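**Q** sequence first, predicted coordinates after that:
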Amino acid sequence: MTAKPRAHLAGDLVKQLAAALRSVQLYAPDHPLVGRSIAALADTLATLHGSSPSIAIGIVGEALVVADVPVPRAAETMGKVIRQLKGLGIERIVFDHGVQPEELSRFVQIIGAPGATEASTASLSQLKHVRVGRLQEGGEAGKTVKVDLAGYRRLYDDVVAQAETLWDSAKLDGAPDPQAGRQVVDSLAEEISQNRTALLALTALKDYDSYTFTHMVNVSILTMGQARGLGIEGPLLREMGLAALLHDIGKVRTPTEILSKPDKLTDQEFDILRRHPVDGAAILRRTPDLPTLAPIVAFEHHLRQDGTGYPFGLTRPTLNLGTVLCGIADVYDAMRSQRVYQQAFPTDRILAVLQRNNGEQFDQHLVRRFVQLVGIYPVGNMVRLNTGDVAVVVGAYAPDPYRPRVRILLDNTGTRVRPHELNLWEATEGEAGAIEAPLDPADYDLDPLSYL
């Protein structure tokens, strides 16, 4: 799709959204004009979804942006819509591929209802293909995440399901579906550009029954998060994300009894498991329409800069940047995931592994950047402070990863308190200024992500 038609469609989309909102405010829900405005909105979205699985409308100041296309003179022609949405606490709307006219009708009915308030729009979270929230303001230390977390959870669940489909196609057909892989990465890449912190927080969700597929998605998110922090964007960001998503695809040839074995593997079983980088590279080299980076990352992701790792006996003077970022993400996510034969490791112990052998296995500059990205105590983690209070981490602080921004939930007696936030790096003597230990939310019957 060329830039001119895309800009034209972007303008059409916001005009049709405005028309649909006006129609539901003027006419009964079953009025023909309401139906026509919803149908026009659905048609334009269907066209836009032909080139992108998710279409985002953002309000930036008094301007409207559709995907990455500014809408000319939006403040003049769409001022009422902009004020209406901002008044409801909505600065961003995402329409996902598959949205139906019935969902669009429900969406505009809620938004356009007389006397609509921010509280009355809470039911929007029930829509499967429409997500709303606020724009993330980047660059400020300890900025709290403000997003539609329910929407991000749905996105995460959807892409994990798509990862399972990719895995099954590789197992049954001998090759993953490149288009399905791109859809997963396109969805994630757009959200990483909008709110990297929220997606990184969701990678902390534990689903041990589908570890293989959540690991695929988590490594892709963590790889793209690192790449985005290095200033990589556009097609290269997506290539890295797709390569990371498929890094373990060679395991489709590993016997199921080894992959799902509840106990520690024997040396012979480890030898079989270690074949997956070679198998993965072979599968991806034969898969059409994949970037050349994909088989490279699959082959190299267990190699290390000091010549250790596997496939055994191979050394590289340098490793591809995509390989190194994926390798860091792979080690981090695997070690923090609790399985039957492995307890989850706290982040500081994982980072010690990334820095061992005098830092010769991984580029320590990239490891330091990774620490700044996720923090020693990542966003969404539940922690106990030095005062005994229980809190959830809501923002990393790059200059001192041990002292993030937290939201206190329980006092030192275990009594729930009104949640309030604290920058640990600003603590004075006698105040909470340090984290003593990470905690398991299951022990407290709390969902820490709901407090973001």
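**A** Sure, I can see it. Numbering: from 1, shown residues only.
**Q** residue ranges in the stretch 251-400 of the chain under the pLDDT threshold?
**A** Applying pLDDT under 70 to the stretch 251-400 of the chain flags residues 338-344, 357-358.
**Q** and if you look at the stretch 1-150 of the chain?
**A** 1-7, 61-62, 68, 72-77, 134-150.
**Q** correct me, but residue 370 touches residue 330?
**A** No - contact criterion Cβ atoms under 8 Å: residue 370 and residue 330 do not qualify, at 11.9 Å. Every residue, glycine included, has its C-beta placed from N, CA and C.
**Q** residues in contact with stretch 16-27?
**A** The contact list for stretch 16-27 (Cβ atoms under 8 Å, 6 or more residues apart in numbering) reads 31, 33-34, 37-38, 40-41, 44, 57, 78, 80-81, 84, 104, 108-109, 111-114.
**Q** mind listing the strands for the stretch 301-450 of the chain?
**A** 382-385, 390-395, 405-410, 416-423, 435-439 (DSSP state E, counting those that start in this stretch).
**Q** in its sheet, what does the second one sit against?
**A** Translated: strand 390-395. Neighbouring strands of strand 390-395 in its sheet, by DSSP bridges, are strand 382-385 (antiparallel), strand 405-410 (antiparallel).
**Q** would a markdown table of those strands with distance to residue 256 and mean neighbour count be doable?
**A** Below are the strands paired with strand 390-395 laid out as a markdown table (distance: least, Cβ to Cβ, whole Å; neighbours: other Cβ atoms under 10 Å):
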| stretch | distance to residue 256 | mean neighbour count |
| --- | --- | --- |
| strand 382-385 | 34 | 20 |
| strand 405-410 | 41 | 20 |
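**Q** can I get those strands in TSV with distance to residue 423?
**A** Shown next, in TSV, are the strands paired with strand 390-395 (distance: least, Cβ to Cβ, whole Å):
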stretch	distance to residue 423
strand 382-385	13
strand 405-410	5
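**Q** which ones among the contacts of stretch 16-27 map onto helices?
**A** If you go by DSSP state H, the contacts of stretch 16-27 have 33-34, 37-38, 40-41, 44, 80-81, 84, 104, 108-109, 111-112 in helices.
**Q** what subset of those is buried?
**A** 34, 37-38, 40-41, 44, 81, 84, 104, 108-109, 111-112 (16 or more other Cβ atoms under 10 Å).
**Q** nearest to residue 90 among these?
**A** Nearest to residue 90 among these is residue 111, at 7.6 Å by Cβ to Cβ.
**Q** looks like that closest one contacts residue 120 (just checking).
**A** No - counting by Cβ under 8 Å, residue 111 does not reach residue 120; the two are 9.6 Å apart.
**Q** nearest to residue 239, of the strands paired with strand 390-395?
**A** Evaluated with Cβ to Cβ, the strands paired with strand 390-395 place strand 405-410 nearest to residue 239, the distance being 33.1 Å.
**Q** just the strands in the stretch 51-200 of the chain please.
**A** Counting by DSSP E, counting those that start in this stretch, the stretch 51-200 of the chain has strands at residues 54-60, 63-66, 69-70, 92-96, 130-133.
**Q** can I get the longest one in PDB, CA atoms only?
**A** This file holds the C-alpha atoms of strand 54-60, laid out as PDB (Å, rounded to 0.1, in the frame of the first residue of the first chain):
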ATOM      1  CA  SER A  54      -3.600  -4.000  14.200                       C
ATOM      2  CA  ILE A  55      -4.600  -0.400  13.400                       C
ATOM      3  CA  ALA A  56      -4.000   2.100  16.200                       C
ATOM      4  CA  ILE A  57      -5.500   5.600  16.400                       C
ATOM      5  CA  GLY A  58      -3.600   7.800  18.800                       C
ATOM      6  CA  ILE A  59      -4.300  11.300  20.200                       C
ATOM      7  CA  VAL A  60      -1.100  13.200  20.500                       C
END
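**Q** can I assume residue 336 is in contact with residue 347?
**A** Yes - counting by Cβ under 8 Å, residue 336 touches residue 347, with 6.9 Å between them.
**Q** tell me how far the residue nearest the centre of the chain lies from residue 131.
**A** Geometric centre of the chain, nearest residue: residue 199, 2.8 Å, by Cα atoms, centre = their mean. Look at residue 199 and residue 131: by Cβ to Cβ, to the nearest Å, they are 13 Å apart.
**Q** same check, this time on residue 70
**A** Per Cβ to Cβ, residue 70 is found 21 Å from residue 131.
**Q** okay, those two: which has more neighbours?
**A** Between residue 70 and residue 131, residue 131 has the larger neighbour count (other Cβ atoms under 10 Å), namely 23 against 15.
**Q** which residues in the stretch 301-450 of the chain form helices?
**A** Taking DSSP state H, counting those that start in this stretch, the helices of the stretch 301-450 of the chain run over residues 321-336, 347-354, 356-359, 364-374.
**Q** check which helices and strands the first one is in contact with.
**A** Secondary-structure packing of helix 321-336 (3 or more Cβ pairs under 8 Å, 6 or more residues apart in numbering; DSSP states H and E): helix 211-229, helix 234-245, helix 293-300, helix 347-354, helix 364-374.
**Q** how about the helices in the stretch 51-200 of the chain?
**A** For the stretch 51-200 of the chain, helices defined by DSSP H, counting those that start in this stretch occupy the ranges 74-77, 79-87, 101-112, 149-173, 178-202.
**Q** distance to residue 442 added to those, as CSV?
**A** As requested, the helices of the stretch 51-200 of the chain are exported to CSV (distance: least, Cβ to Cβ, whole Å):
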stretch, distance to residue 442
helix 74-77, 46
helix 79-87, 38
helix 101-112, 34
helix 149-173, 18
helix 178-202, 17
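**Q** what's the closest of the ones you listed to residue 246?
**A** helix 178-202 (6.5 Å).
**Q** in the closest one, what's buried?
**A** For helix 178-202, the buried set under the neighbour-count rule, 16+ other Cβ under 10 Å, comprises 178, 181-192, 194-202.
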